[in-house]
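A.B. asks: build the 3D model from these lines:
(2 chains)
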Amino acid sequence: MSLDILAYGAFFLTMALTYAIMCLGLNIQWGQTGLFNVGIAAFVAIGAYVSAILTTPETPDRFGGFDLPIVVGWLGASIAAGLAAWLVGALTIRLRSDYLAIATFGVAVSVQLCVLNIQPLTGGAFGVGFIPRPFGSLAGNPLTFSLANLALTACVVLGLYLALEHLTKSPWGRVLRAIREDEVAAQALGKRPIRFRLQAFTIGGAIMGLAGAVQGHFIGFIAPDNYLPILTFQVWAMLIVGGSGNNRGAILGAVLVWGLWALTAAAVSAFVPPEQQARASSLQIVAIGVGLCLILLLRPRGILGEGRSSIAGRFKPKSKAQQKFKE
Amino acid sequence: MPLPKTDTAENPASARTAVVEARNLVKRFQGMTAVSDMSLTLSAGEMVGLIGPNGAGKTTLFNLIAGSLKPTSGEIWIGGRDVSQDSPEKRITRGVGRTFQIPRPFLDMSVLDNVLAGAQAQDGEKLFANFLRPGHVRRQEQAAREKARALLDFVTLSGLESQPAKVLSGGQRKLLELARILMADPQAILLDEPAAGVNPALLETIMKRVIALNAQGKSILLIEHNMDMVSRLCSRVVAMAQGKPLAEGTPADVAADPAVIEAYLGGAA
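C.D. replies: I've put the predicted structure just below:
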């Protein structure tokens, strides 16, 4: 029994960490740069499908099935999603933030419809199955299998976290913050806002694509329904709850919001009669909405707030007092 | 991207070693002419005051020179090069830096980071260099830090380097902007009302710093209403009204010019 709980815990955390990867991608776009991307699902979907096509065994009625190693799939997913983000960014990054939101939302809906309808490539509504799972040979032993996957996903998150922290603290990250705070002043200092925004948007997109791939391989099956706008909403909720602008906050928010999601799902299946469960599952979205409102009311900057650059972070209480004073 | 033009013999800018030259600048905003046929030269090592009543077009002229606005017609030459079509990001690499009339520090960044943001040609601002050449980036950043600390010392803000810029007073923000633009090491600096709203003690500091900069060879173009300050700092003053040059000469001459007096009083009446 306790082993089952442990296995479930590992499964739960692994899923949460795949969302944490998406959240890290959003954090560099929104938290660091202020880019209002409401099309997260598009980049996650592109990553998931590209990796699936690259790594699945050959199937007669679908393009692809190159049977390549999982790592190649992950890499291909990041590159494809990064390219897609670069392309979308090159066309839309000059837009004011609300228009960027509309544009990216449109992209997400279009990508989802493409995935649903380009059957020869994506398998249509049935999705793609038999995606190789990391440590698939251990699948007979659920606990070992779950723990190995958890360790692998945790390594990916840790590696990304370290790389992103390094970037945030680098002169490159400083320019991003400067542009976010005052574009005109940054330009007067010779910084090129469009270039930096596009770089941040591309990196964020590539990370979301990687997340899609990691998640797809962990589950072993992907379908268009996984990439509806609700996914974008979840990831946004995670970042806001954890603390926008803070990489640790992004990870924490992903675990907490995914926890809330899993908990409400369990509650629905326990307390709601079976014939009403499909409808009752909307309550999960309500729960996240309520959680979001509570966070916005009680801790508007998220649970961890923004970890400021190097030295300034130590003076947070003071800066907060200042902010209150200003209000 | 056009290649830098080579200086030619008929280039009048290099003959007079003008650092900044505005030639017959015109800027119209939907029927309103903010600057009309304005020409101005700032020579190497010179400190020129730009005065004029409110709405004379001084700040618009600054925005044209710094590139925040594109001229309707006319040319801007910096260091012997026509930069009229260059983006504002590019002007600073040509050697002209500016401060803003209302300071624009990066409020949530530390005072030190604000100054560091002014550094030019930092390889650490290139995405991949941070991973491919971390040692080089670290050394360059260390050197930039030392320079930034020296500049904060110069503008008397060194005690505040780790505070977020939003805790600074208005006058301190002006000083911070000065340090930040000095970090970029421009040959010419456009100062937009460095004394406005600054208390007398801090004003004295700002003036001393501006004089020291000029003594180091920086060319300075200064917008200022405080005539006292202008006469102490500048050897030459240009008065503007209604987007045009009105008078030019020593501070005393310009202040006594009937047209200038008329423009100021006319504006007040």
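
A.B. asks: make it CA atoms for all contacts and neighbour counts henceforth
C.D. replies: Will do.

A.B. asks: please identify the helix or strand for the closest residue to B:Arg98 other than its chain neighbours.
C.D. replies: Once flanking residues are discounted, B:Arg98 sits nearest to B:Leu190: 4.4 Å by CA to CA, 6 or more residues apart in numbering or on different chains. For B:Leu190, the enclosing helix or strand under DSSP states H and E is strand B:188-192.

A.B. asks: quick one: strands adjacent to that strand?
C.D. replies: strand B:96-98 (parallel), strand B:219-223 (parallel) (DSSP bridges).

A.B. asks: how about low-confidence regions in the chain?
C.D. replies: Since you didn't name a chain, this refers to chain A. A:1, A:306-327 (pLDDT under 70).

A.B. asks: was after chain B, sorry
C.D. replies: In chain B, residues with pLDDT under 70: B:1-16, B:266-269.

A.B. asks: tell me where it has strands.
C.D. replies: Using DSSP state E, the strands of chain B run over B:18-29, B:32-43, B:47-51, B:73-78, B:81-82, B:96-98, B:188-192, B:219-223, B:236-241, B:244-249.

A.B. asks: buried deepest among the strands paired with strand B:188-192, which one?
C.D. replies: By mean neighbour count, with neighbours taken as mean count of other CA atoms under 10 Å in any protein chain shown, strand B:96-98 ranks first of the strands paired with strand B:188-192 at a mean of 28.

A.B. asks: can you list the neighbours in contact with that strand?
C.D. replies: A:188-189, B:66, B:78, B:91, B:181, B:184, B:186-192 (CA atoms under 8 Å, 6 or more residues apart in numbering or on different chains).

A.B. asks: got the buried residues for stretch A:88-107?
C.D. replies: Buried residues in stretch A:88-107, defined by neighbour count with 16 or more other CA atoms under 10 Å in any protein chain shown: A:Val88, A:Gly89, A:Ala90, A:Thr92, A:Ile93, A:Leu100, A:Ala101, A:Ile102, A:Ala103, A:Thr104, A:Phe105, A:Val107.

A.B. asks: actually stretch B:222-229, not the one I typed
C.D. replies: B:Leu222, B:Ile223, B:Glu224, B:His225.

A.B. asks: thought the second one was touching B:Gly57?
C.D. replies: No: B:Ile223 is not in contact with B:Gly57 according to CA atoms under 8 Å; the separation is 10.7 Å.

A.B. asks: okay, the strands paired with strand B:188-192 in CSV with distance to B:Lys166 next?
C.D. replies: CSV is the format used below for these (distance: least, CA to CA, whole Å):
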stretch, distance to B:Lys166
strand B:96-98, 20
strand B:219-223, 25
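
A.B. asks: if we can go back for a sec, could you export the buried residues of stretch B:222-229 as TSV, including distance to A:Val272?
C.D. replies: TSV is the format used below for the buried residues of stretch B:222-229 (distance: CA to CA, whole Å):
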residue	distance to A:Val272
B:Leu222	74
B:Ile223	72
B:Glu224	73
B:His225	74
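
A.B. asks: ok so, going back, pick the one among the contacts of strand B:96-98 closest to B:Glu204.
C.D. replies: Nearest to B:Glu204 among the contacts of strand B:96-98: B:Leu191, at 15.6 Å, using CA to CA.

A.B. asks: for that closest one, list each beta-bridge partner.
C.D. replies: B:Leu222.

A.B. asks: dump the residue contacts of it.
C.D. replies: B:Arg98, B:Thr99, B:Phe100, B:Gln101, B:Ile220, B:Leu221, B:Leu222, B:Ile223 are the contacts of B:Leu191 under CA under 8 Å, 6+ apart.

A.B. asks: go again with 7 Å.
C.D. replies: Going by CA atoms under 7 Å, 6 or more residues apart in numbering or on different chains, B:Leu191 touches B:Arg98, B:Thr99, B:Leu221, B:Leu222, B:Ile223.

A.B. asks: again, but for B:Ile220
C.D. replies: Counting by CA under 7 Å, 6+ apart, B:Ile220 has contacts B:Glu46, B:Met47, B:Val48, B:Ala188, B:Ile189, B:Leu190, B:Asn214.
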